[in-house]
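# Sharing a model prediction with you, sequence too.
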Amino acid sequence: MARRGQEEAVITERLTPSDIAEAAALLRAGKLVSFGTETVYGLGADACNADAVAAIYAAKGRPSFNPLICHFADAQTAFRYVAATPLAEKLAAKFWPGPLTLVLPRAKDCPVSQLAGAGLPTLAVRVPAHRLAHKLLHEFGGPVAAPSANRSGRMSPTLAAHVLAELDGRIAAVLDSGPCAVGLESTVLDLSGPAPVLLRPGGVSVEALEAEIGPFVRAMENNSAPVSPGMLLSHYAPTLPLRLNAASVAPDEALLAFGPALEEAKLVFQLSERKNLTEAAAHLFEALHVLDAEGTRLGLVRIAVMPIPINGLGLAINDRLTRAAAPRDKKVI
Ligand code: TXA
Ligand code: MG
């Protein structure tokens, strides 16, 4: 059976920007195609094809209760699949295309597979701001379910090479869209209840959202009871453990620097020498990938992370780092 093939070894095609039609054809055929967005690389499948969606969970080794975001070329198409509210329309007009995901009730007769939404009555929708992603989604025409293109619990990929390192031989193709400009996943805002709830901080800052809609509840501040199934305590994790808010660096540690680096460090990845949070976000996952691989090769045992402020994109950066640093035995899956 064709769909079994995705669980066995397959040849993963490397597609370039001129191969959009082929990438869309693969999606239509129920295959998995990784593509770059402005946030991170997604692992895309036809959201209305339950077998294709199941193949995403299989390739990622993802717990099946964790729902996926549906990606669209534009807001008009997205709002055919969910029951949009005036607030959703206002936020879409302001932030789409862009790194904001809205959780809304599924529209009546929404054809997206139940598996993509993990059986929930709601659906997460987003319109990415990336030229190639837009072309692919436009060419495909319908919803593309796409989690980040990493094995479950691992770091999100921001380069095609990161995708291949984890999923080569498990997916049909990767569309090389270059490095992801934002480098952090989208902000997830739940608009399905009586008041908006922030489920995941991300590429659109809380401050920018609050400037539009006023203050709202932040679900992720209560880590013991994840409201969004994706808010696992230990997540986005490199192999080496992390030590946060490091004021010094030990001889057996690699250093994730923010601002002038601590001088003793043997291996340093500089997130932003000038302490710019946007620059730091764009390089965060790349930094963890590099320090993990190089640090392991050099026999280092830990990654020390310099303090990063929690304003603006710093909230999302600290959220990802806290999850990456969480004890692995606390993994809530
Ligand atoms: O930037 C992004 O959002 C990337 C790119 C590829 O678009 N995608 C991404 O997807 O990060 P993923 O699957 O790694 O994270 C989706 C998050 C998870 O925390 C999931 O639990 C939450 O969104 N989510 C999805 N659907 C939901 C729903 N119906 N209700 C509540 N949370 C939902
Ligand atoms: Mg993810």
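Happy to help now that I have it. Residues are numbered from 1 along each chain as shown. Ligands and ions are numbered 1, 2, ... in the order given.

# Kindly provide the distance from the closest residue to Pro128 other than its chain neighbours to Thr85.
Of all residues beyond its chain neighbours, the one nearest Pro128 is Thr37 (3.9 Å), with distances taken as CB to CB, 6 or more residues apart in numbering. Every residue, glycine included, has its C-beta placed from N, CA and C. According to CB to CB, to the nearest Å, Thr37 and Thr85 sit 24 Å apart.

# Neighbour count: the two, which is higher?
Applying other CB atoms under 10 Å to Thr37 and Thr85 shows that Thr37 carries more neighbours, namely 31 against 15.

# pLDDT wise, what is that one at?
The predicted local distance difference test score for Thr37 is 98.

# same check, this time on the one 10 residues further on
The pLDDT attached to Ala47 in the predicted structure is 97.

# show me what contacts it?
Contact analysis of Ala47 by CB atoms under 8 Å, 6 or more residues apart in numbering lists 53, 68, 70, 112-113, 116, 142-145.

# do that again at 7 Å, thanks
When contacts are counted by CB atoms under 7 Å, 6 or more residues apart in numbering, Ala47 touches 53, 70, 112-113, 116, 143-145.

# Out of those, which is nearest to Val206?
Nearest to Val206 among these, counting by CB to CB, is Cys70 at 23.4 Å.

# nearest residue to the closest one other than its sequence neighbours?
Nearest residue to Cys70 in three dimensions, chain neighbours excluded: Pro143, at 4.0 Å (CB to CB, 6+ apart).

# do you know how far that neighbour is from ligand 1?
12 Å (CB to the nearest ligand atom, to the nearest Å).

# ok, which stretches of the stretch 51-200 of the chain are helices?
When secondary structure is read from DSSP state H, counting those that start in this stretch, the stretch 51-200 of the chain shows helices at 75-78, 86-95, 131-140, 160-167.

# thought Asp190 was touching Arg200?
No - taking contacts as CB atoms under 7 Å, Asp190 lies outside contact range of Arg200: 9.7 Å.

# about what we covered before: for the contacts of Ala47, give me TSV that also has neighbour count, distance to Gly169 and pLDDT.
As requested, those are arranged in TSV below (neighbours: other CB atoms under 10 Å; distance: CB to CB, whole Å; pLDDT from 0 to 100):
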residue	neighbour count	distance to Gly169	pLDDT
Val53	24	20	89
Cys70	25	26	98
Val112	24	28	95
Ser113	20	25	90
Ala116	30	24	88
Pro143	30	27	98
Val144	29	22	98
Ala145	27	21	97
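
# Just the ones in strands from these, please.
Filtering those for membership in strands, criterion DSSP state E, returns 70, 144-145.

# what about the closest residue to Ser152 other than its chain neighbours, how many neighbours?
Leaving aside its chain neighbours, Ser152 sits nearest to Arg62 (4.2 Å; criterion: CB to CB, 6+ apart). Residues within reach of Arg62, counting by other CB under 10 Å, total 20.

# What of Ala250?
Per other CB under 10 Å, the neighbour tally for Ala250 reads 15.

# how near is it to Glu264?
Computed with CB to CB, the distance linking Ala250 and Glu264 is 8 Å.

# same thing with Thr158?
If you measure Thr158 against Glu264 using CB to CB, the figure is 28 Å.

# Between those two, tell me which one has more neighbours.
The residue with more neighbours, out of Thr158 and Glu264, is Thr158; 27 against 11, by other CB under 10 Å.

# May I ask you to confirm that Arg14 belongs to a strand?
Yes - applying DSSP: H, G, I helix; E, B strand; the rest coil, one finds Arg14 inside a strand.

# coming back round to it: out of the ones in strands among the contacts of Ala47, who's nearest Glu13?
When the ones in strands among the contacts of Ala47 are compared for distance to Glu13 (CB to CB), Val144 wins out at 17.2 Å.

# which residues does that closest one contact?
Each residue near Val144 by CB under 7 Å, 6+ apart is listed here: 27, 44-47, 70-71, 137.
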